[in-house]
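**Student:** my questions are about this predicted structure, shown below with the sequence.
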Amino acid sequence: MKGTARLIRVWGSGQLGTDILEPGESLPHDGALTVVLERAADVDRARDTGLIGAQTRVFVPGVCDSSDGPVMLGYDGSLSDPGYDVQIGTQFFLQTQDYGTSEYLSLIGATLIRVVDEHDFTAFLNDADTAYTEGSFADFVTHPMVRVCDAAALGAIAADDGPRLRLYVGAEGTISISPAGAPLGELGDDLVTLVAAFDKINGESTRPCAVALAGVVPEASRVAGLKERPWIARYHGAVAAIRGLRAREITDGRDVRVSGFGGRFAPDLQDAEAQWDLGQEDAPLLCRVNGEDYLYSAASERVFRVPAQTSLQVEALLAYGSPEQAAAAGSTGQLTRISDYFESVGVPLCG
């Protein structure tokens, strides 16, 4: 069962974490990394057409677990319809919920949260707006056991999302990357065909990913909502940062702030127009918990404790994007030295 929790989150979110593949490994060319089937009868055909390869983790209803060749894990419940408790194998349990009601429900374990309609999409955007303007994040979103599904379609960075990462085969044989996704083909199509269809649909949109929520959110509404929020990818990073701090028991989520959300920590940055980090995909995030500052790297999922005397410079570097710009704006201290240090440990603060 090792890796089941991580891989089902990958399948739901479309985001490949740093703990999934070994260093130097890439997504398999022989089949998708994760496949969810609605019918056990479709396993052989999915295998014959190359959707299931030697490294694929396959979730199939009602089958006995098998580690011979592709890892097969039986499940009871529904991985496509929210509101279900799902048992995977004999040891792992998962909840599925829709976004709009998740704030009112109790979390008791690993949970996938889905946007199931335009109302859910609006609720997601409203929570993002509250975080950006007020610095207050919805508690359920930052819970360590929760993943919001189809993250790229909601503005997150998910460079690996697509048919080689995850597939969903519905009861009628229609294939997509998610239960709410645009059809990419039918059972019998090979992986190359599905990848081509995925690329074509995305190529016709101005925002990634146009596939994952196509069945529940009109593309025009999705694009407009994300376009109005150029900082939306940074919001996903801030959620991941708080989740990482909660997983390490540094915070319970209620006493944490993230620089750039609800303002900056340093008084002289509050009214500055410096927002370099808010437009970056992989820039670290500076978080404050009860007066203690931590730097979270989304790219490596690492956390650094930042001393108080260094935190002001770190925030200035993130806000302005370079020691030179920060110094020109009036920031003082060892800006270049601090920037060089974090660059040397693989967590660059600047562009």
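**Tutor:** Yep, it's here.
**Student:** in three-state terms, label the closest residue to D139 other than its chain neighbours for me.
**Tutor:** Ranked by Cβ to Cβ, 6 or more residues apart in numbering and with sequence neighbours excluded, the top spatial neighbour of D139 is G253, at 5.6 Å. For the C-beta atoms, the positions are set from N, CA and C on the backbone; glycine is no exception. Following DSSP: H, G, I helix; E, B strand; the rest coil, we place G253 in the coil state.
**Student:** surely G253 and A138 touch.
**Tutor:** No. Under the criterion of Cβ atoms under 8 Å, G253 is not in contact with A138, lying 9.4 Å apart.
**Student:** re the thing from before, what about the residue nearest to D139, neighbour count?
**Tutor:** G253 is flanked by 18 other residues according to other Cβ atoms under 10 Å.
**Student:** repeat for A326
**Tutor:** For A326, the tally of surrounding residues (other Cβ under 10 Å) stands at 27.
**Student:** which helix or which strand is home to it?
**Tutor:** Element membership for A326, per DSSP states H and E: helix 323-328.
**Student:** repeat that for V43.
**Tutor:** Using DSSP H and E, V43 falls within helix 43-48.
**Student:** okay, now the sheet partners of the helix or strand that that helix is followed by, with direction.
**Tutor:** As assigned by DSSP H and E, the chain's next helix or strand after helix 43-48 is strand 57-61. Sheet pairing for strand 57-61, assigned by DSSP bridges, gives strand 34-37 (parallel), strand 71-76 (parallel).
**Student:** for the first one, C-alpha coordinates in CSV please.
**Tutor:** Yep, that's strand 34-37 we're talking about. The C-alpha coordinates for strand 34-37 follow below in CSV (Å, rounded to 0.1, in the frame of the first residue of the first chain):
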residue,chain,number,x,y,z
THR,A,34,-2.3,6.7,-12.5
VAL,A,35,-5.5,5.3,-14.0
VAL,A,36,-9.0,5.1,-12.4
LEU,A,37,-11.5,2.8,-14.0
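**Student:** average pLDDT across it?
**Tutor:** On average, the pLDDT along strand 34-37 is 96.
**Student:** all helices of this structure, in order?
**Tutor:** Defined through DSSP state H, the helices belonging to the chain, from first to last, are 4-13, 43-48, 99-102, 118-134, 191-203, 219-227, 232-247, 308-320, 323-328, 335-344.
**Student:** tell me the most buried of the ones you listed?
**Tutor:** helix 232-247 (a mean of 23; mean count of other Cβ atoms under 10 Å).
**Student:** give the contact list for the nearest residue to A131 once chain neighbours are set aside.
**Tutor:** Nearest non-adjacent residue to A131, counting by Cβ to Cβ, 6+ apart: F137, 4.8 Å away. For F137, the contacting residues are D127, T130, A131, A238, V239, I242, G253, V256, V258, F261, taking Cβ atoms under 8 Å, 6 or more residues apart in numbering as the criterion.
**Student:** number of residues surrounding the residue lying closest to Q15 once chain neighbours are set aside?
**Tutor:** Nearest residue to Q15, sequence neighbours excluded (Cβ to Cβ, 6+ apart): A158, at 4.7 Å. Burial of A158 is recorded as 23 neighbouring residues (other Cβ under 10 Å).
**Student:** correct me if wrong: A158 contacts G14.
**Tutor:** Yes. Here A158 lies in contact with G14, judged by Cβ under 8 Å, at a distance of 4.9 Å.
**Student:** quick revisit: show me the two of the contacts of F137 that sit farthest apart.
**Tutor:** D127 and V256 (15.5 Å; Cβ to Cβ).
**Student:** follow-up on the earlier one: got the contact list for the residue nearest to Q15?
**Tutor:** By Cβ under 8 Å, 6+ apart, A158 lies in contact with S13, G14, Q15, L16, A151, A152, P208, C209.
**Student:** could you turn the buried ones of these into a PyMOL selection?
**Tutor:** Selecting the buried subset of those in PyMOL, with 16 or more other Cβ atoms under 10 Å as the burial test, is done by:
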select buried, resi 13+14+15+16+151+152+208+209
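**Student:** turn the contacts of A158 into JSON lines, including distance to A180 and pLDDT.
**Tutor:** As requested, the contacts of A158 are arranged in JSON lines below (distance: Cβ to Cβ, whole Å; pLDDT from 0 to 100):
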{"residue": "S13", "distance to A180": "13", "pLDDT": "96"}
{"residue": "G14", "distance to A180": "12", "pLDDT": "95"}
{"residue": "Q15", "distance to A180": "16", "pLDDT": "92"}
{"residue": "L16", "distance to A180": "20", "pLDDT": "88"}
{"residue": "A151", "distance to A180": "13", "pLDDT": "97"}
{"residue": "A152", "distance to A180": "13", "pLDDT": "96"}
{"residue": "P208", "distance to A180": "16", "pLDDT": "90"}
{"residue": "C209", "distance to A180": "12", "pLDDT": "95"}
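**Student:** closest one of the contacts of A158 to L269?
**Tutor:** For these, with L269 as the reference and Cβ to Cβ as the criterion, the closest is A151, at 28.8 Å.
**Student:** re the thing from before, wait, which of the helices of the chain is closest to C287?
**Tutor:** Of the helices of the chain, nearest to C287 by Cβ to Cβ is helix 232-247, at 5.6 Å.
**Student:** what packs against the closest one?
**Tutor:** When contacts are defined as 3 or more Cβ pairs under 8 Å, 6 or more residues apart in numbering; DSSP states H and E, helix 232-247 packs onto helix 118-134, strand 256-258, strand 285-289, strand 292-297.
**Student:** what would those look like in JSON lines with mean pLDDT?
**Tutor:** Formatted as JSON lines, the entries for these read as follows, by pLDDT from 0 to 100:
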{"stretch": "helix 118-134", "mean pLDDT": "98"}
{"stretch": "strand 256-258", "mean pLDDT": "97"}
{"stretch": "strand 285-289", "mean pLDDT": "97"}
{"stretch": "strand 292-297", "mean pLDDT": "96"}
